[in-house]
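Colleague: I would like to see how this sequence folds:
(chains A and B)
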Amino acid sequence: MKTKPIHPPSRHRALHVAGEIATYGTLLLAVLFVVAPLAWGLSTSLKSNSDIFSPTAQWIPPSVDFGNYLKVFSSPLFLRYILNSVAVVACALVLSTILAVHAAYAVSRFRFRAKDFLLFLVWATVMLPGVAIIVPLYLLAVDLGIYDTLFVVVLAYSAWLIPTLIWLLQGFVDSVPYELEEAAMIDGCSRLKAFYLIVLPLLRPGLAAAAVLVFVTIWNDFLLSFSLTLKDENRLLQTGIYIFVNESGIEWGPLTAAAIGSTIPVAILFALLQRSFIRGLTGGAVKG
Amino acid sequence: MRASKPAAASGRRRAQPYLFFYPAFLLVAAVSFVPLFYALRQSVYSADYLTTGGFVGLSNYTELLLHGGGLAAIGVSLTFVVGSLLLTVPLGVGLALLLNRPIRFSTFFRTVLLLPWIISQLVTGLLWLWLYDGRLGPVADAVQGLGLSFSGPLTDPDWALPSLILTNTWHSYPLVMIFTLAALQTIPRETLEAARIDAPSAWRRFRHVTLPLIRNTVLVALVLSTLHTFNTVTTVLVMTGGGPVGATEVLALKVFKEGFQFYRMEIAAAAAVVIFALNIVFTLAYIRVLRSERT
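Modeller: Next up is the predicted model:
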């Protein structure tokens, strides 16, 4: 498209310029739409309390004050929420990925009894919305005596993520040529060994996408951990942010600091690892 | 682990698919199917918080739908979904078309425009709640600046749902955009070049060349977006809690409130079953459309 054989007539050029202006104008409007709530929150998080309650809306803080961030991110309770989220992400990541990668391998490489039916059941759970199972899951957890533990939270998130992870990873296993394993097995490798030594290392982009999906899902989810835990020491990050909304009103300064502060790590990772994010968050449907 | 006897080795080989597949399957079954059956059963029994009572047939459903505002909640949910789709789809598809053009700073635009996608529902709800604040927020400030009396987007019963729809659009259009963009990038340049010669009008090119090529992908994004919106609890809970006067009481929020605010587990179970059934209906409807239109 770079080389145009004929110089366009001036009317075309005017149209072309108008088109360019419309394109960039629309994109900039969309950027404003995206940025507005973020900028308003960021601005509030950097204001002192008296500036927050100023009667006219000020987009740019009159003086920058990091007090809200200090207050939130030095509070032991809030750090505990972050730590819990990190721990749950780590455990769920290990559990769900190990289970899913084996299942994905089985789906891709083996024939076994009732395979199609079992797969259908697994895919069907993708259609099972979280909100439909939190109430019974809560009742079940209470019955089993595991309510209000990080253990049940890890189990629930892992099970929730596994169907999408199988789907995602199966695509990557399919793209590994079977001849590689066959050659290894002829050389005396067991099937398991061939899987671990030959196939698994080739799945690295898939595993990265899987890790992103697990991380973002758990880091960002509010509903499940809110429903399955009660004690402060067992709550995750998003529930922790919600703490600043209480009966006596909303502490907007610390709240926006917590909201913006907890989003920054995800945003940075997103900017750096965009391909893995797109692959992971679309369950492998978009290659990225 | 060296196979000593051929029989043992072949037995192990036969068990292998199951050893690979079943651990994942069993965990999914335990956390998804068991609660689903639990909910199905609870929905036809009476209950007093955690104690299950006698069999009551469908009376929990009639209680939910007829007396508990369930039908109204389904109506609000449908308005929420349709209103969101009417904004999300044109916005997502339109921006994808622009991003697919040879533009400067395309990485910048793509990254920023995808940003709401990675922001949690809770943070989305809180940021917009603050933007919409009737006393201190810029939206109310601007409207009041025009000399109009306005209590704020979320406290006015007429404005609450449209305001939520706008917030939900902000959060869910990136999904449509990224799916569409991916589909657009699979269209070969030559196809578009050829179309450029045959059909000079940009709209007709889009309608007759581009759209048929991306339609299936857009439909998939449409399903995902519908389900996402229909099942949204957190944003609504945080921003309005269903108010004012039930104007934003969507069905998904109802499940949550019946369970965790009113502790009427039998009604919550019935609502959960209804919401699951509607999810299946939506998905099947879209699959039908997808199948019938693929010619």
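Colleague: rest of the way, CA atoms for contacts and neighbours
Modeller: OK.
Colleague: model confidence over the lengthiest helix in chain A, on average?
Modeller: In chain A, assigned by DSSP state H, the helix with the most residues is helix A:10-45. Over the span of helix A:10-45, the pLDDT mean works out to 91.
Colleague: And for stretch B:243-262?
Modeller: Taken as a whole, stretch B:243-262 has an average pLDDT of 92.
Colleague: I'd like the distance from it to the chain centre, please.
Modeller: Centroid displacement of stretch B:243-262 relative to its chain, using C-alpha atoms, centre = their mean, to the nearest Å, is 17 Å.
Colleague: Could you count how many residues lie near residue A:73?
Modeller: By other C-alpha atoms under 10 Å in any protein chain shown, the residues close to residue A:73 number 18.
Colleague: where does the residue lying closest to it once chain neighbours are set aside land in three-state SS?
Modeller: Counting by C-alpha to C-alpha, 6 or more residues apart in numbering or on different chains, the nearest residue to residue A:73 once its immediate chain neighbours are dropped is residue A:79, at 6.5 Å. Secondary structure for residue A:79, judged by DSSP: H, G, I helix; E, B strand; the rest coil, is helix.
Colleague: any idea how far residue A:79 lies from chain B?
Modeller: Distance, residue A:79 to chain B, by C-alpha to the nearest C-alpha, to the nearest Å: 18 Å.
Colleague: what's the spacing between that residue and residue B:214?
Modeller: 45 Å (C-alpha to C-alpha, to the nearest Å).
Colleague: how deep is residue B:275 tucked in, by neighbour count?
Modeller: Residue B:275 has 22 neighbours, counted by other C-alpha under 10 Å.
Colleague: quick one, what contacts it?
Modeller: Shown in contact with residue B:275 (C-alpha atoms under 8 Å, 6 or more residues apart in numbering or on different chains): A:132, B:231, B:251, B:252.
Colleague: Just the CA atoms of stretch A:121-136, as CSV, please.
Modeller: Presented in CSV, the C-alpha positions along stretch A:121-136 are these (Å, rounded to 0.1, in the frame of the first residue of the first chain):
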residue,chain,number,x,y,z
LEU,A,121,-19.5,-32.3,29.9
VAL,A,122,-16.3,-30.3,30.4
TRP,A,123,-17.2,-27.7,27.8
ALA,A,124,-20.7,-27.5,29.2
THR,A,125,-19.2,-26.1,32.5
VAL,A,126,-17.9,-23.1,30.6
MET,A,127,-21.6,-22.2,30.1
LEU,A,128,-22.2,-22.6,33.8
PRO,A,129,-21.9,-19.1,35.1
GLY,A,130,-20.1,-18.4,38.3
VAL,A,131,-23.1,-16.7,39.8
ALA,A,132,-25.2,-19.8,39.3
ILE,A,133,-22.9,-22.0,41.4
ILE,A,134,-21.7,-19.7,44.1
VAL,A,135,-24.7,-20.3,46.3
PRO,A,136,-24.7,-24.1,46.1
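Colleague: Show me what counts as buried in that stretch.
Modeller: Residues of stretch A:121-136 classed as buried by neighbour count (16 or more other C-alpha atoms under 10 Å in any protein chain shown): A:121-123, A:125, A:128-136.
Colleague: Let me know whether that stretch sits next to chain B.
Modeller: Yes - Stretch A:121-136 is in contact with chain B by C-alpha under 8 Å from any C-alpha of the partner chain, via A:122, A:125, A:127, A:128, A:129, A:130, A:131, A:132, A:133, A:135, A:136.
Colleague: what would those residues look like in TSV with pLDDT and secondary structure?
Modeller: Formatted as TSV, the residues of stretch A:121-136 next to chain B follow (pLDDT from 0 to 100; DSSP: H, G, I helix; E, B strand; the rest coil):
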residue	pLDDT	secondary structure
A:122	88	helix
A:125	83	helix
A:127	77	coil
A:128	83	coil
A:129	84	coil
A:130	86	helix
A:131	88	helix
A:132	87	helix
A:133	88	helix
A:135	89	helix
A:136	89	helix
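Colleague: Determine which two of the residues you listed are furthest apart.
Modeller: A:122 and A:135 (20.6 Å; C-alpha to C-alpha).
Colleague: mind checking which helix or strand residue B:53 is in?
Modeller: Per DSSP states H and E, residue B:53 falls inside strand B:51-55.
Colleague: Contacts for that strand, please.
Modeller: Taking C-alpha under 8 Å, 6+ apart as the rule, strand B:51-55 contacts B:42, B:44, B:45, B:46, B:47.
Colleague: Just confirm yes or no for the next helix or strand after it near chain A.
Modeller: Using DSSP H and E, the helix or strand that follows strand B:51-55 towards the C-terminus is helix B:59-62. No - against chain A, helix B:59-62 shows no contacts by C-alpha under 8 Å from any C-alpha, the least distance being 14.9 Å.
Colleague: Which residues outside stretch A:58-77 are in contact with it?
Modeller: A:39-40, A:43-48, A:51, A:78-79, A:232-233, A:253-254, A:257-258, A:261.
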